[in-house]
Structure formats: structure tokens, C-alpha cells
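A.B. asks: 3D model of this:
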Amino acid sequence: MVDETVLDVTLDASASMIISEALSWIGTPYRHQASCKHAGCDCLGLIRGVYAAFWPEPEQPSAYNPNWAEANSEETLANAAKKYLLPVALDARAPSNILLFRYKRGFPAKHAGIQIDETHFLHAQDGAGVQLVSLSAWWMRHISHVFAFPPLPTASHTGIEMK
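C.D. replies: Predicted coordinates for the structure are as follows:
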């Protein structure tokens, strides 16, 4: 479990590496519950896949249907994110942060993406696959939670040389 300290995250080498990995998923087709680059993923699978590029994947999510949030009023996605990611204040979001979206007021967050820069984010959408899209006013209004990936492991754990 990660420290739940709210962070003011700035773009650094770690963020650049995360963004580079995330962008390598562009064009991956949409596949419900999958998390395999170039083969298929959903929005959660995109986050899981980028996470797994740097850290061991913590757990397999249990089976879920596309309308899981409507059937359950719990913040399932946000609560799972709190176990492995670092909460960030909404007004402190930065590139490489994970954005969770709530489609309707009073409903739990049910969509996720990765912020790439101030005006774009990456997400997987049914019928479109993984795409880089505008972080438009509509998306901005629906952000419910922001998380940062944990600090990158040292080179001795991953083989990645940090500079």
C-alpha cells in the first residue's frame, strides 16, 4: 500500500517515462477487461498495462460488466486506485497523472485515462480503442479523482537506468 500523502507532482524523468509508455499504447483496440498492448484493453486495462511496465501488477480485478458503476454506488475504481497509487489534489494534476471520471453526479467514477499534457489525455473507449484526445471542458467537468503513479523503482529492481 502506498503513502496517501497528497502530492504536488511536477514533470520529471519519471513522468516522461510514464508518458512515453502510455503513448506506446495508442491504437490498441478496445477489449473489455483486457490489458495487453496492441492486442486490446479497456480504460482500466490501459492503466494496468502502463503500471505493469514499471511495477509488478498488484492484483487482477474481479470480473465486471460494462455497466458495473450503475449497479453499485461504491467508489470501486477510486478505492482500488487508493491502494496502489498516490492521491493528487484536483487542482494539482499534472502530466502522467491518472484521471478518473464520473459521468453523472451522484454516481461513482467509472472511466480512467492518463493526462499527457495540459490539454490532452489518453484513454481507451469502446469503438475507438486507445486514443489521445482533448481534455475538453466536458472532460474537465467530469474529473472526480486524480492519482499519481508511485515513484519508479530503482534500476536494480527494473533494469531501467534512471538519470
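A.B. asks: which residues of this structure score low on pLDDT?
C.D. replies: Counting by pLDDT under 70, the chain has low-confidence residues at 1-11, 65-72, 155-163.
A.B. asks: now do the strands in it.
C.D. replies: Counting by DSSP state E, the chain has strands at residues 35-36, 40-41, 86-88, 98-101, 111-117, 120-125, 129-134, 143-148.
A.B. asks: closest one to residue 60 among those strands?
C.D. replies: Within the strands of the chain, the stretch nearest residue 60 is strand 35-36; the backing value is 9.3 Å (C-beta to C-beta). (C-beta placed from N, C-alpha, C; glycine too.)
A.B. asks: what does residue 96 show for phi and psi?
C.D. replies: phi 90, psi -10 (degrees, to the nearest 10).
A.B. asks: tabulate the strands of the chain (JSON lines), appending distance to residue 24 and mean neighbour count.
C.D. replies: Shown next, in JSON lines, are the strands of the chain (distance: least, C-beta to C-beta, whole Å; neighbours: other C-beta atoms under 10 Å):
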{"stretch": "strand 35-36", "distance to residue 24": "13", "mean neighbour count": "19"}
{"stretch": "strand 40-41", "distance to residue 24": "12", "mean neighbour count": "22"}
{"stretch": "strand 86-88", "distance to residue 24": "23", "mean neighbour count": "20"}
{"stretch": "strand 98-101", "distance to residue 24": "17", "mean neighbour count": "24"}
{"stretch": "strand 111-117", "distance to residue 24": "12", "mean neighbour count": "22"}
{"stretch": "strand 120-125", "distance to residue 24": "10", "mean neighbour count": "21"}
{"stretch": "strand 129-134", "distance to residue 24": "10", "mean neighbour count": "18"}
{"stretch": "strand 143-148", "distance to residue 24": "20", "mean neighbour count": "22"}
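A.B. asks: same list (the ones you listed) but as TSV, adding distance to residue 25.
C.D. replies: Output for the strands of the chain, formatted as TSV (distance: least, C-beta to C-beta, whole Å):
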stretch	distance to residue 25
strand 35-36	10
strand 40-41	7
strand 86-88	21
strand 98-101	14
strand 111-117	9
strand 120-125	7
strand 129-134	5
strand 143-148	18
